[in-house]
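Participant: task: produce atomic coordinates for the following.
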Amino acid sequence: MDRKDLATQGANDRSPAPQSRQDWLGPAFGGFGPLVGLRDQMNRLFDSVFKDLTAQTSAVSWPSIEVQDKDGAYRISAELPGLDEKDVEVSLQDGVLTIRGEKKAETEDKERQYSERYYGRFERRLSLGELDEEKITASFDNGVLTITAPKSPKAEAQAKRIPISTGQTVH
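Facilitator: Residues are numbered from 1 along each chain as shown. Modelled structure (predicted):
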């Protein structure tokens, strides 16, 4: 349907109903239909860019971990589905526990159009203070890495509880 045809349509005209979005928007927006199409294309572009950015930032904090401080030791659990213990390395240096490894793709598929699965190297570092290095243990079961890291007796002795007061601000 041409725009000049729309302009000549009368109230009693029995011409066919508009078929496309451009046909509907043409008369209502005085010819702004192409701009609406451009806006739609820009929205799709921004959606795809920010979707990819979100996927990249979520990969930075992979694997998901949980830390518990209980009975004088830290218990760290890391979810590592699809990996084996040989794919993971745990190390300790200067009170910083490091979990690193690599998740490899099962197949090399260059035809893949879309994937939310994460492949590649990863590393998580946890600053835990002084630990009893000789007693740290790690186990891997059903895709979950569990590390038990006892605090050193010196670190336990240095811990000081700080009281919290209510109602008054100290300057």
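
Participant: could you use CA atoms for every contact and neighbour count after this?
Facilitator: Noted.

Participant: Phe126 against Val96, yeah?
Facilitator: Slight slip there: residue 126 is Leu, not Phe. Yes: under the criterion of C-alpha atoms under 8 Å, Leu126 makes contact with Val96 at 5.4 Å.

Participant: who has more neighbours, these two?
Facilitator: For Leu126 versus Val96, the count of surrounding residues by other C-alpha atoms under 10 Å is larger for Val96: 16 against 13.

Participant: quickly note the distance from the closest residue in space to the more buried one that isn't next to it in sequence to Glu133.
Facilitator: With C-alpha to C-alpha, 6 or more residues apart in numbering as the measure, Ser127 is the residue that lies nearest to Val96, at 4.4 Å, once sequence neighbours are left out. Between Ser127 and Glu133 the computed distance is 14 Å (C-alpha to C-alpha, to the nearest Å).

Participant: contact partners for the residue lying closest to Val144 once chain neighbours are set aside?
Facilitator: Spatial nearest neighbour of Val144, chain neighbours left out: Glu79 (4.7 Å); criterion: C-alpha to C-alpha, 6+ apart. Residues touching Glu79, when contacts are defined by C-alpha atoms under 8 Å, 6 or more residues apart in numbering, comprise 63-65, 143-145.

Participant: buried ones among those residues?
Facilitator: 63, 144-145 (16 or more other C-alpha atoms under 10 Å).

Participant: and the helices in the protein?
Facilitator: In order along the chain, the chain carries the following helices (DSSP state H): 3-8, 21-28, 33-60, 153-158.

Participant: least confident of these, on average?
Facilitator: Considering the helices of the chain one by one, the lowest average pLDDT is found for helix 3-8, at a mean of 49.

Participant: from the buried ones among the contacts of Glu79, which land in strands?
Facilitator: Among those, DSSP state E puts 144-145 in strands.

Participant: report the lowest-confidence entry in the buried ones among the contacts of Glu79.
Facilitator: Comparing the buried ones among the contacts of Glu79 by pLDDT, Pro63 comes last, at 84.

Participant: right, and that one touches Ile76 too?
Facilitator: No: using C-alpha under 8 Å, Pro63 and Ile76 do not qualify as a contacting pair, with a distance of 11.8 Å.

Participant: extract the C-alpha trace of stretch 68-87 and format it as CSV.
Facilitator: As requested, C-alpha coordinates have been extracted for stretch 68-87 and formatted as CSV (Å, rounded to 0.1, in the frame of the first residue of the first chain):
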residue,chain,number,x,y,z
GLN,A,68,31.7,-21.0,55.8
ASP,A,69,33.7,-20.0,58.9
LYS,A,70,33.0,-22.7,61.5
ASP,A,71,34.9,-24.4,64.3
GLY,A,72,38.2,-22.7,63.6
ALA,A,73,38.3,-23.5,59.9
TYR,A,74,37.0,-22.3,56.6
ARG,A,75,35.0,-24.7,54.5
ILE,A,76,34.9,-23.6,50.9
SER,A,77,32.7,-25.3,48.3
ALA,A,78,32.9,-24.5,44.6
GLU,A,79,30.5,-25.8,42.0
LEU,A,80,32.4,-27.1,39.0
PRO,A,81,29.9,-29.1,36.9
GLY,A,82,31.4,-31.0,34.0
LEU,A,83,34.9,-31.0,35.4
ASP,A,84,37.1,-33.7,36.9
GLU,A,85,39.6,-33.2,39.7
LYS,A,86,42.4,-33.3,37.1
ASP,A,87,41.0,-30.1,35.6
